[in-house]
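Engineer: give me a model of this one.
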Amino acid sequence: MNPSPSPAAQRATPHDADLVVFGGTGDLSMRKLLPALYHCDRDGRLAPQTRIIALSRGGLTDDDLRGKVDAEVRSAVPEGDDPEVWRRFLARLRHVPVDVRDDGDLHEGWRDLAALLGGNEDRDRIFYLASPPMTFGPFCRQAQQAGLVTPRSRVVLEKPLGRDLASARQINDEVGAIFAESQIYRIDHYLGKETVQNLLVLRFANAFLEPIWNSLWIDHVQISVTETVGTPGRRGYYDQAGALRDMVQNHLLQLLCLVAMEPPARNDRESIRDEKLKVLQSLRPISGSEADRFTVRGQYAEGPGMPGYLDEPDRSPPTDASYRVETFTAIRAEVKNWRWAGVPFYLRTGKRLPSRRSEIVVQFKDVPHSIFPGGSPNRLVLRLQPSEGIDLHIMAKEPGAGEVTLRPVPLGLSFARTFGTRVPDAYERLLMDVMGGNPTLFMRRDEVEAAWRWIDPILATWDSAGTPPEPYPAGSAGPPSAHELLGRSGRAWHEEEPA
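Structural biologist: Predicted coordinates for the structure are as follows:
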């Protein structure tokens, strides 16, 4: 039995669209985009004539693509699988071999794509670029040369958008020469997660939190995205990215913005993004000697039953960049405004750590005067993965006669358990927002560039130092310096604190 769609899904009025995915047979498409689109189809959020057109350099036919999706994707969507819906979904799929050439000449596949899209200029036409960022500008130019860009076109750009401010500006300029800013959707899938959406509701739809959401009551904030996996087969990419570019510049800074932003005047597409931009512009710069004090970078070495980063299986041997790239980083950030003066924001991400989880921890200050021994400060924990939900940790008395014994206990909200529905994947929400023309959860150009403006001095300081990242054993909790980053002020990462 299929879980019933949410009220929001039932209210939506889908209309026909053509979704063109460049890199449509790649890892992102198979793992995330196509499963998300299937769920949208099953919930009735795709109009009958909506098509999903995969572009790749492979010479696949439509039937080849459907066979590949049937073999690789169907196992990823087992819950409530409906054979009729699956057949309907497969029938939406098309494949066109298209390449983006460096010489500027149009690949013959563009002609085939134009023929497939021809006559449907009145539909929304969405180009999803699930490809490396250096292809974004050339793809947009060649799509325009092929006559495919219409007033109802939109383009979705996957992260990372460049590797520094200069390259991000170049990509934005190239894409912006073809598409208006209102047509460009820079995606960060963390912003589509249910817990992130509920963070805004928690703050701005409940009267009890906003009065204490400031430096008078909050001691510090921790934002962590930790992974147990390493980088087998991905060293070529990761050597050039590293944890700071791959995770902090987009995911973690976006989460920081939502925690720290001022209440917007309205819940509309620009008001929220305006407030997020103000947070990025208020971040205290970190460079020079301050980068040594307020940032940590590490690289996982061999651990129990796990190889180090340099020993991960890959098609090519390690390069000089492999020895310098960070697989872990932790940062002490500050938002220099009245609300957050003196409140540190600790950002942390890394690979080959003990657990896979993404969470925001808001640590409140201790009570001014405690009349009970053994108490600890309240804490609000927002879990983004693996099980989305919110826990408010309060102090309670353990049952029993005699001496009062306190214990922190969580008041918990699990979205799946409370609302009795499947929690949609972030890509489902974001894809439907693109198709509905709602850019609220997507990054504006000035946001992206403000984030790079803060990140660039940290990267420059690391590069000029010439020292390798601090090693940490695979499977451990990261380099010792990451714990010292909080320990110097008597704080500790969330999982290190006694239960």
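Engineer: going forward, measure contacts between C-alpha atoms and count neighbours the same way
Structural biologist: Fine.
Engineer: quick one, phi/psi of the residue nearest the centre of the chain?
Structural biologist: Against the mean C-alpha coordinate of the chain, by C-alpha atoms, centre = their mean, the closest residue is Tyr190 at 3.2 Å. Phi and psi for Tyr190, reported as degrees, to the nearest 10, are phi -60, psi -30.
Engineer: what's near enough to touch it?
Structural biologist: When contacts are counted by C-alpha atoms under 8 Å, 6 or more residues apart in numbering, Tyr190 touches 196, 251, 255, 426.
Engineer: reformat these as TSV; add pLDDT.
Structural biologist: Output for those, formatted as TSV (pLDDT from 0 to 100):
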residue	pLDDT
Val196	83
His251	92
Leu255	95
Ala426	84
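Engineer: other residues contacting stretch 29-41?
Structural biologist: So stretch 29-41 is in contact with 23-24, 46, 69, 72-74, 76-77, 85-86, 89, 130, 425, 427-428, 431-432, going by C-alpha under 8 Å, 6+ apart.
Engineer: may I see the buried residues of that stretch?
Structural biologist: The neighbour-count check on stretch 29-41 (16 or more other C-alpha atoms under 10 Å) flags 29-30, 32-41 as buried.
Engineer: taking those one by one, which sit in helices?
Structural biologist: Assignment to helices by DSSP state H places the following of the buried residues of stretch 29-41 there: 34-41.
Engineer: including distance to Gly230 and pLDDT, could the residues you listed go into TSV?
Structural biologist: Shown next, in TSV, are these (distance: C-alpha to C-alpha, whole Å; pLDDT from 0 to 100):
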residue	distance to Gly230	pLDDT
Leu34	24	94
Pro35	24	93
Ala36	25	92
Leu37	28	94
Tyr38	29	93
His39	29	91
Cys40	31	92
Asp41	33	92
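Engineer: if we can go back for a sec, quick one: pLDDT of the residue nearest to the centre of the chain?
Structural biologist: With respect to pLDDT, Tyr190 has a value of 84.
Engineer: ignoring the adjacent residues along the chain, who's closest to Leu310?
Structural biologist: Counting by C-alpha to C-alpha, 6 or more residues apart in numbering, the nearest residue to Leu310 once its immediate chain neighbours are dropped is Pro318, at 6.1 Å.
Engineer: quick revisit: any idea how far the residue nearest to the centre of the chain lies from Glu275?
Structural biologist: Distance of Tyr190 to Glu275, given as C-alpha to C-alpha, to the nearest Å: 18 Å.
Engineer: what average pLDDT does stretch 52-59 get?
Structural biologist: On average, stretch 52-59 scores 90.
Engineer: same deal with stretch 164-182?
Structural biologist: Here the average pLDDT along stretch 164-182 is 96.
Engineer: can you list the buried residues in that stretch?
Structural biologist: Judged by neighbour count using 16+ other C-alpha under 10 Å, the buried positions of stretch 164-182 are 164-165, 167-169, 171-172, 174-176, 178-179.
Engineer: stretch 398-412 too?
Structural biologist: Result for stretch 398-412 [16+ other C-alpha under 10 Å]: buried residues 405-410.
Engineer: now swap in stretch 309-322 and tell me
Structural biologist: Neighbour-count burial for stretch 309-322, with 16+ other C-alpha under 10 Å as criterion, is recorded at 309-310, 312, 318, 322.
Engineer: show me those that map onto strands.
Structural biologist: If you go by DSSP state E, the buried residues of stretch 309-322 have nothing in strands.
Engineer: which of those residues fall in helices?
Structural biologist: Assigned to helices by DSSP H, the following of those qualify: Ser322.
Engineer: dump the C-alpha coordinates for the lengthiest helix in the chain into CSV.
Structural biologist: With secondary structure taken from DSSP H, the chain has its longest helix at helix 445-465. Taking C-alpha atoms only, helix 445-465 is exported to CSV below (Å, rounded to 0.1, in the frame of the first residue of the first chain):
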residue,chain,number,x,y,z
ARG,A,445,24.7,34.8,-6.8
ASP,A,446,25.6,37.2,-4.1
GLU,A,447,25.2,34.5,-1.4
VAL,A,448,27.6,32.2,-3.3
GLU,A,449,30.2,34.9,-3.8
ALA,A,450,29.9,36.1,-0.2
ALA,A,451,30.6,32.6,1.0
TRP,A,452,33.7,32.3,-1.2
ARG,A,453,34.8,35.7,0.0
TRP,A,454,35.0,34.3,3.6
ILE,A,455,36.5,31.0,2.6
ASP,A,456,39.3,32.3,0.3
PRO,A,457,41.5,33.8,3.0
ILE,A,458,41.4,30.5,4.9
LEU,A,459,42.5,28.6,1.8
ALA,A,460,45.2,31.1,1.0
THR,A,461,46.6,30.9,4.5
TRP,A,462,46.6,27.1,4.4
ASP,A,463,48.3,27.1,1.0
SER,A,464,51.0,29.6,2.1
ALA,A,465,51.8,27.7,5.2
